[in-house]
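Participant: whatever this is, show me its structure:
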Amino acid sequence: MKKVILKQKHVLGILLKKAASWHFSYYFLKKARPIACGIYVTNRCNLRCQMCNIWRNPQEETIPLASYKKIIDDLKNLGCYYVSLSGGEPLLVSDLDERLIYSKKKIPYLHMVTNGFLLDDAWAKRLAGIGINEVSISLDGLEEKHDAIRGIKGSFTQAWKAIHNLKKYAPKITIVVNSIISPNNISDLYEISRLVRKNNLLHKFQPHNDHPVFDNQKDESAKVRCSREDIEEIKKFIQFILPLDNIVNSRYFLKQIPNYFSRQTKGGIFNEACIFGYHHCEIKEDGTLFPCLTGMDWRNGFALNASIMSIINSERYRRKLKELKKCKLCKNNMYICYFEPRITFPLSHYFKYHFLEKIIP
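Facilitator: Numbering: from 1, shown residues only. From the prediction side, this is the model:
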């Protein structure tokens, strides 16, 4: 993950200042000060991904524009460096332009996750003009497999068109291809990896995770259970991608993926107290704030009836942060958006899980 952010040299100095300020707040003031935030701007989606329950949520919601702007103002006042917009599908939000423009004026690093289906040349030009830093687009296999996983025919073709639109009309935007690893698509991933490298793109991987089930919803998402043969194939693929220079993931994360599928995640980061909520926060499409969605099962977030600063400083939020320090749910769901920040921040974790990983086999 650090490879993507460090590529943006014009905002690197800002990041270093924010990181220094966070370490002071955490170690000396004992306060949470999120420098990164994930915003699920809407749960509406135009795809029907097998592994996802977000589009199955019967309650469709999008953060209202005025509420969204207040969230961005609050994050700026907190000293937030990084905001990632996802969904659902962000490009379904009718006033997304205004939201992105507003965000980019306040937040140094702006990232958007999209399936690419709606990202035509006009959108690519608009994103270039806004100056968004990074766009992630998913490719989970070759055409037949990707379309089957994503539930809509033509989604592979549209994703590749989106990538080429960004390369042509928004060359300053960093493009990252996201791919899910599972026994069901592992044979396709070798060719996807070659295709991504051939097009000079960065590549990020995540194992298939069981998705949360929302209220009044039947869990119909695809589940993955691996045989020994499946796990051996996954190990071979991990060894294939480990030396590649376009891989965004840390070596430590990638090496844990076979252990995750065999339900043998233990030791290392899994034994560390979780302080994710001290440097990150998340906001759902209903406008509620979470120190960690997974740790709270995507439920009972903090209503934004005051500034984010005052909520984070509240006794209730502090109690939740202390409670989440003992959380071990990342052993069961290896979401990259939790795992990679945890092994990168604070700096002691970076030294342990990045630097030492390179010199100690």
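Participant: right, and residue 259 touches residue 268 too?
Facilitator: No - between residue 259 and residue 268 there is no contact under C-beta atoms under 8 Å: 9.8 Å. The way it works is simple: take the backbone N, C-alpha and C, and place the C-beta from them, glycine included.
Participant: give me the more crowded residue out of the two.
Facilitator: Each of residue 259 and residue 268 has its neighbours counted (other C-beta atoms under 10 Å); residue 259 has more, 18 against 15.
Participant: quick check: the closest residue in space to that one that isn't next to it in sequence vs residue 184, distance?
Facilitator: Using C-beta to C-beta, 6 or more residues apart in numbering and skipping residues adjacent in sequence, the residue nearest residue 259 is residue 265, 5.1 Å away. Separation of residue 265 from residue 184 (C-beta to C-beta, to the nearest Å): 21 Å.
Participant: mind giving me the packing neighbours of the longest strand seen in the chain?
Facilitator: Longest strand in the chain, counting residues (DSSP state E): strand 174-181. Contacting strand 174-181 under the criterion 3 or more C-beta pairs under 8 Å, 6 or more residues apart in numbering; DSSP states H and E are the following elements: strand 134-138, helix 155-169, helix 186-198, strand 202-207.
Participant: buried residues of the third one, list them for me.
Facilitator: This points to helix 186-198. Neighbour-count burial for helix 186-198, counted by 16 or more other C-beta atoms under 10 Å, picks out 188, 189, 192, 193, 196, 197.
Participant: and if you look at the second one?
Facilitator: Along helix 155-169, the positions that meet the burial threshold by neighbour count (16+ other C-beta under 10 Å) are 155, 156, 158, 159, 160, 161, 162, 163, 165, 166, 169.
Participant: can I get those residues in JSON lines with pLDDT?
Facilitator: Below are the buried residues of helix 155-169 laid out as JSON lines (pLDDT from 0 to 100):
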{"residue": "155", "pLDDT": "98"}
{"residue": "156", "pLDDT": "98"}
{"residue": "158", "pLDDT": "98"}
{"residue": "159", "pLDDT": "98"}
{"residue": "160", "pLDDT": "97"}
{"residue": "161", "pLDDT": "98"}
{"residue": "162", "pLDDT": "98"}
{"residue": "163", "pLDDT": "98"}
{"residue": "165", "pLDDT": "98"}
{"residue": "166", "pLDDT": "98"}
{"residue": "169", "pLDDT": "98"}
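Participant: of those residues, closest to residue 76?
Facilitator: Of all the buried residues of helix 155-169, residue 76 sits closest to residue 166, with 26.4 Å by C-beta to C-beta.
Participant: residue contacts, the closest one?
Facilitator: Neighbouring residues of residue 166 by C-beta atoms under 8 Å, 6 or more residues apart in numbering: 119, 124, 127, 135, 173, 175.
Participant: follow-up on the earlier one: okay, the helices and strands packed on strand 174-181 in a markdown table with distance to residue 289 next?
Facilitator: Shown next, in a markdown table, are the helices and strands packed on strand 174-181 (distance: least, C-beta to C-beta, whole Å):
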| stretch | distance to residue 289 |
| --- | --- |
| strand 134-138 | 23 |
| helix 155-169 | 31 |
| helix 186-198 | 35 |
| strand 202-207 | 24 |
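Participant: quick check: which of the ones you listed is nearest to residue 228?
Facilitator: helix 186-198 (14.1 Å).
Participant: relative orientation of that closest one and strand 174-181 in degrees?
Facilitator: Relative orientation of helix 186-198 versus strand 174-181 (axes from the mean of the first three to the mean of the last three C-alpha atoms, to 10 degrees): 170 degrees.
Participant: please, which helix or strand holds residue 60?
Facilitator: Counting by DSSP states H and E, no helix or strand carries residue 60.
Participant: for it, what are its contacts?
Facilitator: Counted by C-beta under 8 Å, 6+ apart, residue 60 has contacts 42, 43, 44.
Participant: and which of the residues you listed is nearest to residue 93?
Facilitator: residue 42 (5.4 Å).
Participant: what is the neighbour count of the residue nearest to residue 259?
Facilitator: Neighbour number of residue 265 under other C-beta under 10 Å is 19.
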